[in-house]
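In: could you look at this predicted model? Sequence included:
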Amino acid sequence: MDFHSLKLFLHLSNTLHFKRTSDLCYISPSALSRTIQRLEEELGQPLFIRDKRSVSLTDAGQNFKRFAQETVDRWEQFRSSLAQEELRGEIILYGSVTAAYGVLSDLFSTVRNLYPDIHLRLETGDSAQAIEKVADGSVDVAVAAKPESFPKNLLFKTLVVTPLSFIGPVVACEVTDMINSNPIPWEEVPLILAEQALSRRWVEDWFRGHGLKPHVYAEVAGHEAILSMVRLGCGVGAVPELVIDNSIFKNDVRVLDVKPRLPLYEVGLCVHRGRITSPVVRAFWMSAGE
């Protein structure tokens, strides 16, 4: 058993996908399989349940994952305590496309200047999944919107506070005619909502507070997709203004003057309390300031 094998196991335990781990870790699928088989032989227990359609951790695999993560973290701490050189290691980050260039770009530059030997690996996707990915150990740090109820085993550091606003199209269409009306016929206006994001609940609360029933036209993954559909005249949506400001389509939509306004969106870094003990994760976290 060696640290390279432990890191490969940890990566696979997060992706649960042999091909994806082999590609991202630059190892052949057969070599990855042999590494996992050697670990299982040493432990005398299967770590994964494999079939043609899925991969999952066994109970022994779940326990070994905790052991492997603690071992790798302690090794990084020990190595850092002996060496005066720059920190080395990899951090897996998760965020939406907007987060990548609207929130993380300056922080990435800071970390690269301070810690050139820390490798930053960014995974992008729906921001609604960010907190879940941190909680289950799939990623080290994520950019997320802070929910009203925040898990106690996670830490959150605010980076940006941005308004959540209703937006409509600029292009001449039926939806534009609706939002130009006074008052706006809200129960007739087609809405483009996020499938899971915090913004959806706040929009539904806004309609409920006005005694209105929303007319949901489409459900999409992520605020970028909402903005894209709104600009085409498909409906009205609600997105953080940070998304609008960093979009190439910002001139194709308009922010609606709606009262009362939707709540402010608090965007920041999220990390598991157990991962903050890792020297490289802690260095990244502290680079974001207080």
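Out: Now that the structure is in, tell me what you want to look at.
In: thought Ser54 was touching Phe18?
Out: No. The pair Ser54 / Phe18 is not scored as a contact, 11.1 Å apart, by C-beta atoms under 8 Å. Any C-beta I mention is one placed from the backbone N, CA and C, and that applies to glycine too.
In: so between the two, which is more surrounded?
Out: Neighbours per residue (other C-beta atoms under 10 Å) separate Ser54 from Phe18, with Phe18 holding more: 17 against 9.
In: and the gap between the closest residue to the more buried one other than its chain neighbours and Ile36?
Out: Nearest residue to Phe18, sequence neighbours excluded (C-beta to C-beta, 6 or more residues apart in numbering): Pro29, at 5.5 Å. Taking C-beta to C-beta, to the nearest Å as the measure, Pro29 and Ile36 are separated by 11 Å.
In: who has more neighbours out of the two?
Out: Set Pro29 next to Ile36 and count neighbours by other C-beta under 10 Å: Ile36 wins out with 22 against 12.
In: what helix or strand is that one located in?
Out: Per DSSP states H and E, Ile36 falls inside helix 29-43.
In: next SSE after that helix?
Out: Downstream of helix 29-43 (by DSSP H and E), the next one is strand 48-50.
In: what pairs with that next one, and is each one parallel or antiparallel?
Out: Take DSSP bridges as the rule and strand 48-50 pairs in its sheet with strand 55-57 (antiparallel).
In: now the partner strand: average pLDDT?
Out: Strand 55-57 shows a mean pLDDT of 90.
In: which elements pack onto the next helix-or-strand element following it?
Out: Heading C-terminal from strand 55-57, the first helix or strand you meet, by DSSP H and E, is helix 59-82. Other elements packing on helix 59-82 under the criterion 3 or more C-beta pairs under 8 Å, 6 or more residues apart in numbering; DSSP states H and E are helix 3-15, helix 29-43, helix 279-287.
In: any residues touching the next helix or strand after the first one, and which ones?
Out: In this case it means helix 3-15. Of the helices and strands lying after helix 3-15 in sequence (DSSP H and E), the nearest is helix 18-24. With contact meaning C-beta atoms under 8 Å, 6 or more residues apart in numbering, helix 18-24 is reached by 8, 11-12, 15, 27-29, 31-33, 55, 121.
In: okay, helix 18-24 in PDB with CA atoms only?
Out: In PDB, the C-alpha atoms belonging to helix 18-24 read as follows (Å, rounded to 0.1, in the frame of the first residue of the first chain):
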ATOM      1  CA  PHE A  18     -13.300   3.900 -13.600                       C
ATOM      2  CA  LYS A  19     -12.900   5.500 -17.100                       C
ATOM      3  CA  ARG A  20     -13.200   9.100 -15.700                       C
ATOM      4  CA  THR A  21     -10.700   8.500 -12.900                       C
ATOM      5  CA  SER A  22      -8.300   6.800 -15.300                       C
ATOM      6  CA  ASP A  23      -8.500   9.800 -17.700                       C
ATOM      7  CA  LEU A  24      -8.100  12.500 -15.000                       C
END
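In: so which bits of it are buried?
Out: If you call a residue buried by 16 or more other C-beta atoms under 10 Å, then helix 18-24 has these buried ones: 18, 21-22.
In: count of residues packed around the closest residue to Thr277 other than its chain neighbours?
Out: Spatial nearest neighbour of Thr277, chain neighbours left out: Asp73 (5.8 Å); criterion: C-beta to C-beta, 6+ apart. Residues lying near Asp73 (other C-beta under 10 Å) number 19.
In: domains in the protein, by residue range?
Out: Structural domains assigned to the chain are 1-84, 161-265, following automatic domain parsing.
In: wait, which of those is closest to Tyr101?
Out: domain 161-265 (6.2 Å; C-beta to C-beta).
In: isn't Phe150 up against Thr158?
Out: No. Between Phe150 and Thr158 no contact is recorded; they are 11.6 Å apart, counting by C-beta under 8 Å.
In: where are the low-confidence patches of the stretch 51-200 of the chain?
Out: 77-86 (pLDDT under 70).
In: helices of that one, start to end?
Out: Assigned by DSSP state H, counting those that start in this stretch, the stretch 51-200 of the chain shows helices spanning 59-82, 97-102, 105-114, 130-135, 174-179, 198-209.
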